[in-house]
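Visitor: structure for the following, please:
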Amino acid sequence: MPPGYAEPMNEFEDAASPEALAELVQEFVNQVSHTQGRTLAALAGAGVTLPQVLLLKRIAARGASTPSELAGQMHMSLPSLSQMVDRLFRLQLVSRTESADDRRRTRLAVTLGGRALLRQVAKARSADYAAGLALLSALRQVLRDVLEELPGTMLAEHESARRLAKLGGSQPQLEGVPRRRRASDG
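Guide: Prediction:
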């Protein structure tokens, strides 16, 4: 054992570390994603790779961007990113526009076809996740309970609204005011 390292008190102590949690999340995603191959089929059908779709998603999320900005954000070399952009451009998934002020500066944007592909991939991915989650039915309620407790999630907001509706009223949640504790909170 390295100096300064304390042995865990029990086998579950290390499970609370960010690294252990990251491994668990990764294993969970591996168990539920791509079980039916719909996502991979969508990528293959469109003739794109996962890194190209990730680039497309980045451009869509940020709006028009320059190749240099994107290369920095994605930790890629500019020549590597440029090859990916060229492929997406040939597939008519991104457009390039020269800056009126500086013709050396190019802005990239996602085309309608690119947005359609992103929707198709998202739909296929959701279907893959749904199929994988069906295999893990025993864990669905546990996952739902965890997601309900995460602030700002659509599930938490939906569940809060559903609970308020059951009570026959609505109470606005004030920012900075903690929610009421439930008996199950311990």
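
Visitor: what about the strands in this structure?
Guide: Ranges of strands within the chain are 94-98, 106-110, based on DSSP state E.

Visitor: for those, give me JSON lines that also has mean neighbour count and mean pLDDT.
Guide: The way it works is simple: take the backbone N, C-alpha and C, and place the C-beta from them, glycine included. Output for those, formatted as JSON lines (neighbours: other C-beta atoms under 10 Å; pLDDT from 0 to 100):
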{"stretch": "strand 94-98", "mean neighbour count": "15", "mean pLDDT": "91"}
{"stretch": "strand 106-110", "mean neighbour count": "19", "mean pLDDT": "91"}
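
Visitor: quick one: residues contacting the closest residue to residue 80 other than its chain neighbours.
Guide: Distances taken as C-beta to C-beta, 6 or more residues apart in numbering place residue 71 nearest to residue 80, at 7.7 Å, with adjacent residues excluded. Contacts for residue 71 (C-beta atoms under 8 Å, 6 or more residues apart in numbering) come out as 77-78, 80-81.

Visitor: that older thread, out of the strands of the chain, which gets nearest to residue 27?
Guide: Judged by C-beta to C-beta, the one of the strands of the chain that comes nearest to residue 27 is strand 106-110, at 32.2 Å.

Visitor: highest neighbour count among the contacts of residue 71?
Guide: residue 81 (21 neighbours; other C-beta atoms under 10 Å).

Visitor: what separation is there between it and residue 37?
Guide: Distance of residue 81 to residue 37, computed by C-beta to C-beta, to the nearest Å: 28 Å.

Visitor: can I assume residue 42 is in contact with residue 124?
Guide: Yes: counting by C-beta atoms under 8 Å, residue 124 is a contact partner of residue 42 at 4.1 Å.

Visitor: how many neighbouring residues does the spatially closest residue to residue 69 that is not a sequence neighbour have?
Guide: Once flanking residues are discounted, residue 69 sits nearest to residue 62: 7.9 Å by C-beta to C-beta, 6+ apart. Residues contacting residue 62 under the criterion other C-beta under 10 Å number 14.

Visitor: quick one, grab the pLDDT at residue 62.
Guide: Looking at residue 62, its pLDDT reads 87.

Visitor: same check, this time on residue 119
Guide: 96.

Visitor: burial count for it?
Guide: Neighbour tally, residue 119, other C-beta under 10 Å: 10.

Visitor: which residues of the chain score low on pLDDT?
Guide: Applying pLDDT under 70 to the chain picks out residues 1-16, 34, 137-140, 151-186.

Visitor: having no further points to raise, I will conclude here.
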